[in-house]
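Visitor: Here's my sequence, what's the structure:
(one chain, ligands or ions: 2)
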Amino acid sequence: KFQTTGQETCFHDRHINPQIYAGLNGRNWGIADYEARGGYQALRKILAQDGGEGMTADQVIAEVKASGLRGRGGAGFPTGLKWSFMPRALPVQKYLVCNSDEGEPGTCKDRDILFYNPHIVIEGMIIAAYAMGISVGYNYIHGEIFEVYERFEAALEEARAAGYLGANILGSKHSFQLHAHHGFGAYICGEETALLESLEGKKGQPRFKPPFPASFGLYGRPTTINNTETFGAVPWIIRNGGQAYLECGKPNNGGTKIFSMVGDVERPGNYEVPMGTPFSALLALAGGVKGGKKLKAVIPGGSSSPVLPAEVIMACTMDYDSIAKAGSMLGSGAVIVMDETRCMVKSLLRLSYFYSHESCGQCTPCREGTGWLWRMVQRIEHGEGRADDLALLDNVAENIMGRTICALGDAAAMPVRGMLKHFRHEFVHHIEHKTCTVPAYI
Ligand code: L3W
Ligand code: SF4
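Guide: Ligands and ions are numbered 1, 2, ... in the order given. I've put the predicted structure just below:
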């Protein structure tokens, strides 16, 4: 049973592809079109507009809990539970932050949500603010996507003019000021505490956790941070009920998820499908492997998640549990598809360079270890590998894991371990024969 979602779904374009983008571009993102699609109805529902009874903050949180919605930024933390951490009664300023600092290699969903459907995120944030008694929010937008920032700013202006943002929203007691903040393009600022530092005007370096942002966040105040896609799911949940959202997916993996299909596929793009969709069906949506070539491997959840060989991923469904059981992570949902012509040593070289370049340098295992990993893979790729390099790669990766302040260290080590687990023979071949196993490179 495979469904595409059509107009009634969270993002209104469950099967998003470049053709649909072209149709939406510049026309359908505005507030009038959003309202015509049922936009801001969820906000009206909780604020007892249009003759309804309204919903209390507890009822909103209960609905989000019932939906099974889990954080779409990478960690999959239950959203309703996170919202319930906010100490609503504490008489201090509290903040709501949207993490739109999408920088994970392969991931390109949040920028499209913000560009093609910005009001769904704004509405989701207003509802979240209501549920947690928050009056000020920020959307931290990745620094390299200027047009998205401008589009979101324009949508904010529309929402303010329509009375959805500001003091006493739609005549209610709920007031919420929402601002956009342009980041500077550093990958690490997508880590939630580095993001907060950056938002405060400081160097974007992660903080130790705990304390979690829920108790010590922006300017040291209680803060809730969710990913763009997570906020985007909220209006649909409130309109249709948490149970309906849960039933879109499967137990413990409620709702739909946007997957960025990238790499060797015929139709790269973002595809929103129910959680639990077979990988094979998702691949078919993206037109299959490019040029009819054979599938070799897939990195299923952004570059931080370990690679899975074709036969393993083909047996998976796209949800947190199935991908974890196969030994990887659903992460942010960037599905990097690699065909039979891809060299795994070269692929790991590119990933290792990325993490080494993006390490913020605060902790020694990450600062030194990521560079060390990159240099070792580089010499293997260039035919200068040594017999003991694979043991050393394993050892360095193991000594980074779990010994750093933030998840970037683990994110650099996990792809190494995944590659060595499934494609060790390619590394051995590079070292022993000084050539590549892939015909194109021999
Ligand atoms: C209060 C507790 N709050 C956890 C909160 C915490 C955070 C959320 C998840 O990493 C992953 C990473 C990348 N009291 C809490 C609590 N929280 N316990 O729950 O926390 P955590 O630490 O599990 O994850 P994280 O640090 O948010 C995110 C992976 O995602 N990833 C990266 C994607 C990158 C992007 C991007 O570029 N935009 O999404 C992809 O796989 O490796 O493992 O809010 O505060 N007791
Ligand atoms: Fe910085 Fe790396 Fe340490 Fe994270 S793990 S704080 S990126 S040095």
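
Visitor: The helix ranked longest in the chain: how far from the chain's middle?
Guide: For the chain, the helix that runs over the most residues, judged by DSSP state H, is helix 408-433. Distance of helix 408-433 from its chain centroid, counting by Cα atoms, centre = their mean, to the nearest Å, is 24 Å.

Visitor: So for it, what gets flagged as buried?
Guide: By neighbour count on 16 or more other Cβ atoms under 10 Å, the buried set for helix 408-433 is 408-420, 422-423, 426-431. C-beta here means a position set from N, CA and C on the backbone, and glycine is covered the same way.

Visitor: residue contacts, P309?
Guide: Counting by Cβ atoms under 8 Å, 6 or more residues apart in numbering, P309 touches 296-297, 422-423.

Visitor: let me redo that: K45
Guide: Contacts for K45 (Cβ under 8 Å, 6+ apart) come out as 52, 54-55, 238-239.

Visitor: If I look at it, what pLDDT would I see?
Guide: Predicted confidence (pLDDT) for K45: 96.

Visitor: could you point out which element follows the helix or strand encompassing it?
Guide: Using DSSP states H and E, K45 maps to helix 41-46. Using DSSP H and E, the next helix or strand after helix 41-46 towards the C-terminus is helix 57-67.

Visitor: Can you give me the buried ones in that following helix?
Guide: Of the residues in helix 57-67, 57, 60-67 count as buried by neighbour count, 16+ other Cβ under 10 Å.

Visitor: The closest residue to G71 other than its chain neighbours: neighbouring residues, count only.
Guide: Of all residues not flanking G71 in the chain, F77 sits nearest, at 4.5 Å (Cβ to Cβ, 6 or more residues apart in numbering). Neighbour count for F77, taken as other Cβ atoms under 10 Å: 13.

Visitor: so F77 touches W83, yeah?
Guide: No - in this structure, F77 is not within contact of W83 by Cβ atoms under 8 Å, at 10.8 Å.

Visitor: where does the residue of the chain found nearest ligand 1 fall, helix, sheet strand or coil?
Guide: Nearest residue of the chain to ligand 1 (Cβ to the nearest ligand atom) works out as G74 at 2.0 Å. Of the three states, G74 takes coil according to DSSP: H, G, I helix; E, B strand; the rest coil.

Visitor: shouldn't it be in contact with G331?
Guide: Yes - at 4.7 Å, G74 and G331 qualify as touching, with contact defined as Cβ under 8 Å.

Visitor: what ranges do the strands span in the stretch 201-350 of the chain?
Guide: If DSSP state E, counting those that start in this stretch is used as the criterion, the strands of the stretch 201-350 of the chain fall at 223-227, 256-263, 269-274, 277-278, 295-299, 308-309, 317-318, 334-339.

Visitor: Let me know whether the fifth one sits next to ligand 1.
Guide: No - remark: strand 295-299 sits outside contact range of ligand 1, by Cβ under 6 Å from any ligand atom, the gap being at least 9.8 Å.

Visitor: Spell out which strands sit alongside that strand in the sheet and which way each one runs.
Guide: In the sheet, strand 295-299 lines up against strand 308-309 (antiparallel), strand 334-339 (antiparallel) (DSSP bridges).

Visitor: Tell me who's in contact with E200.
Guide: Contacts for E200 (Cβ under 8 Å, 6+ apart) come out as 218-219.

Visitor: That one and N99: what is the separation?
Guide: Remark: distance between E200 and N99 (Cβ to Cβ, to the nearest Å) = 15 Å.

Visitor: Pull the contacting residues for F208.
Guide: I405.
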